[in-house]
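Visitor: generate coordinates for the sequence data below:
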Amino acid sequence: MSVLNLETISSRSSGGVAWLELNRPQALNAWTRQLGEELAQALEEAAGDPEVRAIVLTGNGRAFSSGADLRSGTELTAEGATDVKTPLREVYHPLILRVRTVPKPVIAAVNGPAVGIGCSLALACDLVVAARSAYFLLAFVNIGLGLDGGASHTLTARIGHARAFEMAYLGDRISADRAHEWGLVNDVVEDDQLHNSVTALAERLAAGPPGSYAAIKRSINDRAYAGFAELLDLEAELQQERAESKDFTEGVLAFMQKRPANFTGD
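Guide: Residues are numbered from 1 along each chain as shown. Prediction:
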């Protein structure tokens, strides 16, 4: 590993552990279609490699992921509106679903900010370990969008609907320590200990019984993630409705201009 020629993802494996690293540090690992497609390829390669028994997702540089790259341009519908549904359905949501269904333990090593779809990716993993300086932010509401990446479910599954509404409605940063207190993440470690801590955890899982992990994940998914694929489709539909609103246009413009948005409900 790896036989893939990837530009936005770096991958390596040792000791039964595959490390998949979002690799756009100059953009704080913001998501583009290419990044989503390449991460899906790397994940599928790790899933099919019998020597890989655990998978770690992390980010290169200062961030885990700053979310969707609003500065890289967007796809458009036939009517000229921003098209978020197509990349969600073709790339991002199949990737999130695969994280949940790959029959191997998947660990998110959150080395810095996990924002928007980046936050959704971390929450879709089986285990989440965060550096103390990291934070979690569902920034969708700040630009007039709903939730995507399965966050509608992973939030409530991890922290309950009251805190899920708080995090999604307010769009505030949740520190790593607070995320741990809420049950959003499994562990918080000092920044300089993140790699060693996650390596030890991943190697412990890699030394365990792969059939047991596959069975455990499948049975937990059957109960805790029932209807997850259908929810991803609903999120994509609702997100497209929001992307065609004037509030979304205003939210993106305000973000670019670094000013408060003036939402009107249109």
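Visitor: what segments of the stretch 151-266 of the chain are strands?
Guide: For the stretch 151-266 of the chain, the strands defined by DSSP state E, counting those that start in this stretch occupy 174-175, 187-189.
Visitor: quick one: low-confidence ranges for the stretch 51-200 of the chain?
Guide: 73 (pLDDT under 70).
Visitor: so for Glu241, which of the strands of the stretch 151-266 of the chain sits nearest?
Guide: Each of these has some distance to Glu241 by Cβ to Cβ; the shortest is strand 174-175, at 26.4 Å. Using the backbone N, CA and C atoms, a C-beta is placed for each residue, glycine as well.
Visitor: please identify the deepest-packed of the strands of the stretch 151-266 of the chain.
Guide: Of all these, strand 174-175 has the most neighbours on average by mean count of other Cβ atoms under 10 Å, namely a mean of 20.
Visitor: Arg100 reaches Tyr225, doesn't it?
Guide: Yes: judged on Cβ atoms under 8 Å, Arg100 makes contact with Tyr225 at a distance of 5.9 Å.
Visitor: how about Asn262, nearest residue that isn't a chain neighbour?
Guide: The shortest distance from Asn262 to any non-neighbouring residue, by Cβ to Cβ, 6 or more residues apart in numbering, is to Glu250 (6.1 Å).
Visitor: so who does that neighbour touch?
Guide: 144, 261-264 (Cβ atoms under 8 Å, 6 or more residues apart in numbering).
Visitor: what of Val56?
Guide: 17-20, 106-109, 198, 202.
Visitor: using the three-state scheme, assign it.
Guide: Classification of Val56 using DSSP: H, G, I helix; E, B strand; the rest coil returns strand.
Visitor: state the distance from it to Leu205.
Guide: Using Cβ to Cβ, to the nearest Å, Val56 is found at 10 Å from Leu205.
Visitor: so what's in contact with those two at the same time?
Guide: With Cβ under 8 Å, 6+ apart, Val56 and Leu205 have common neighbours Ile107.
Visitor: rewinding a little: got JSON lines for the strands of the stretch 151-266 of the chain, with distance to His93 too?
Guide: Formatted as JSON lines, the strands of the stretch 151-266 of the chain follow (distance: least, Cβ to Cβ, whole Å):
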{"stretch": "strand 174-175", "distance to His93": "23"}
{"stretch": "strand 187-189", "distance to His93": "27"}
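Visitor: for Thr86, which of those strands is the nearest?
Guide: With Cβ to Cβ as the measure, strand 174-175 is the member of those nearest Thr86 (29.9 Å).
Visitor: what strands flank that closest one, and is each parallel or antiparallel?
Guide: strand 135-137 (antiparallel) (DSSP bridges).
Visitor: contacting residues around the strand it pairs with?
Guide: With contact meaning Cβ under 8 Å, 6+ apart, strand 135-137 is reached by 110, 113-116, 119, 122, 130, 167, 171-176, 179, 184-185.
Visitor: and it, how far out from the chain middle?
Guide: Taking Cα atoms, centre = their mean, to the nearest Å, one finds strand 135-137 lying 11 Å from the centre of the chain it belongs to.
Visitor: could you do stretch 255-263 as well?
Guide: 24 Å.
Visitor: buried residues in that stretch?
Guide: The neighbour-count check on stretch 255-263 (16 or more other Cβ atoms under 10 Å) flags 261, 263 as buried.
Visitor: measure that stretch end to end?
Guide: Length of stretch 255-263, first residue to last, Cα to Cα, to the nearest Å: 13 Å.
Visitor: do the same with stretch 92-108
Guide: Start-to-end, stretch 92-108 (Cα to Cα) is 17 Å.
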